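*Asks:* Please find the sequence and the predicted model below.
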Amino acid sequence: MKLLEQYILRRVGQMFLTALLPVLAIIWTTQVLARINLVTDSGQSVGSFMKLATLILPTIIPVVMPFALVIGITQTLTAMNNDSELPVIDAAGAPRSVIFRPILLLTILLSIFAFLMANFAEPKLRVAARQMIAAAYADLLSTVIEEKTFRKIDEGLYVQISERLSGRILKGLFVADSRLPDSDLIYYAREGAVDASGTSLIMRDGEVHRKSPEGTVSVVRFDSYAFDLSDLTQSRGQAKLHAGDRDLPFLLNPDPTDPDVKENPGQYRSELNRRLSNWSFPLVFALIGLAIAGDARSHRQARLHPMAATLLISLAIYWLTNYFVNETETNAAYALAVYAVPVLSGGLAAFQLARSKTLRLPTAARNPLLRLWSAAERLARRSLPQPPSGDVR
């Protein structure tokens with residue numbers, strides 16, 4: 001690789017990481033905070049929470065990476081044009097491939113990384129995260145729930161324990177069960193225990209209050225009562241896998257006996273089309289960015305910033321492709337459109353590059369966006385603090 005190509009590759013790579021890491025950190029933080037209940041509800045340690053956070057991080061990289069690449073390419077080429085580096089390269093007689101080759105090399109590597117991550121690494125990480133969460137919630141009553149605090153076990157089911165003793169013995173039990181639509185049940189018991197299998201809560205010396213929809217309350221005292229936990233422990237102790245958790249070989253040939261495949265066959269078709277199309281976004285977006293920002297232009301030429309134009313087109317392609325991906329869940333005929341959008345977009349950009357033509361937005365769309373961009377720049381300049389004025393001596 002020539003020295004100039006190394007210089008361009010280094011600048012694009014640095015700008016790519018500068019755009020990727022902050023956005024990745026923000027999205028990762030929001031995703032992790034949404035799962036903070038792993039600590040608050042199940043009593044897991046901070047180490048377990050950080051392990052879960054580590055499993056989540058790689059799954060969001062393929063989503064952020066194409067747009068960070070767009071910013072890295074357009075911002076680097078725009079800065080090189082403003083610093084008169086692109087005009088000097090053209091004046092020296094260097095072919096445009098000197099600019100495109102290192103960027104396309106980086107783009108191809110990122111596309112391969114996105115394909116491998118989305119189809120092989122990400123499903124394994126998702127499964128590991130699901131299994132970790134399922135195991136954390138598997139035995140809430142006997143080992144996790146804190147003493148003297150109300151804890152939501154399931155939708156409509158709340159439990160309080162006054163004291164936990166050795167041998168899985170629980171003192172001062174309070175259970176509120178409103179899962180059935182025709183009655184509300186409240187259990188009080190002096191003592192209880194979860195059996196060894198974890199499928200039943202045996203309560204002793206207590207009473208149950210049943211409130212009917214009409215508002216009448218009946219009270220029944222009991223010496224011993226078994227509260228069934230089998231459905232709860234099975235659902236919490238097992239990680240149910242969905243289409244997004246499967247690897248590519250499974251999506252290409254789903255198991256017809258799998259319960260989730262039987263229940264949601266369209267989701268597996270939609271997920272397969274998403275996996276086989278979204279990996280191409282880094283390459284398609286890079287071609288569009290090169291077609292828009294890869295030429296030398298006059299500083300006085302009024303135009304929409306290349307980054308804004310490229311991001312706008314990229315977002316439109318991303319939205320349109322994923323729209324058709326979602327439609328394939330109910331109609332397989334949309335699969336052709338899923339691949340047509342990135343292929344036609346990338347092909348048009350590559351054709352413009354081969355002809356040494358600049359890709360432009362239509363005038364009807366460019367002029368309003370240009371006025372909006374200029375207004376935003378003026379507003380930003382007015383909002384920035386002005387340097388103090390004074391006589392120069």
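*Replies:* Structure's in. What do you need?

*Asks:* Can you show me the helices along this protein?
*Replies:* Remark: helices assigned in the chain by DSSP state H are 3-33, 37-40, 46-82, 85-91, 97-116, 122-136, 230-237, 248-252, 259-263, 265-278, 281-293, 306-327, 335-354, 363-383.

*Asks:* ok, and which of those helices has the densest surroundings?
*Replies:* helix 281-293 (a mean of 27; mean count of other Cβ atoms under 10 Å). Every C-beta, even on glycine, is put in place using the N, C-alpha and C of the backbone.

*Asks:* sorry, back to before: compare the helices of the chain and report which one is nearest to S178.
*Replies:* Evaluated over these, closeness to S178 peaks at helix 230-237, with 14.5 Å, by Cβ to Cβ.

*Asks:* got the contact list for I169?
*Replies:* With contact taken as Cβ atoms under 8 Å, 6 or more residues apart in numbering, I169 is in contact with E191, G192, A193.

*Asks:* Just put the residues you listed in TSV and tack on distance to P254.
*Replies:* Shown next, in TSV, are the contacts of I169 (distance: Cβ to Cβ, whole Å):
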residue	distance to P254
E191	49
G192	44
A193	43
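
*Asks:* which residue packs closest to L55, ignoring adjacent ones?
*Replies:* Counting by Cβ to Cβ, 6 or more residues apart in numbering, A129 is the residue found nearest to L55 once chain neighbours are left out, at 4.4 Å.

*Asks:* Okay, now the unreliable bits of the stretch 51-200 of the chain?
*Replies:* Low-confidence segments of the stretch 51-200 of the chain (pLDDT under 70): 133-147, 167-168, 196-199.

*Asks:* Now with 90, please.
*Replies:* For the stretch 51-200 of the chain, the stretches with pLDDT under 90 are 51-60, 78-99, 120-200.

*Asks:* Narrow the contacts of I169 to those in strands?
*Replies:* Among those, the ones falling in strands (DSSP state E) are E191, G192, A193.

*Asks:* Which of the residues you listed has the largest number of neighbours?
*Replies:* Neighbour tally across these (other Cβ atoms under 10 Å): the maximum, 26 neighbours, falls on G192.

*Asks:* I figured that residue hits L170, correct?
*Replies:* Yes: G192 lies in contact with L170 (Cβ atoms under 8 Å); the separation is 4.7 Å.

*Asks:* The residue nearest the centre of the chain and D90, how far apart?
*Replies:* Centroid check for the chain by Cα atoms, centre = their mean gives I60 as the closest residue, at 4.6 Å. As defined by Cβ to Cβ, to the nearest Å, I60 lies at a distance of 39 Å from D90.

*Asks:* circling back to that earlier point, among the ones in strands among the contacts of I169, find me the one that's closest to L33.
*Replies:* Nearest member of those to L33, counting by Cβ to Cβ, is G192, at 34.4 Å.

*Asks:* For that closest one, list each beta-bridge partner.
*Replies:* On the basis of DSSP bridges, G192 is bridged to L170, M203.

*Asks:* A19 contacts I73, doesn't it?
*Replies:* No: between A19 and I73 there is no contact under Cβ under 8 Å: 10.1 Å.

*Asks:* Roughly how far does the residue nearest to the centre of the chain sit from V219?
*Replies:* 52 Å.

*Asks:* Alright, that wraps it up for me.
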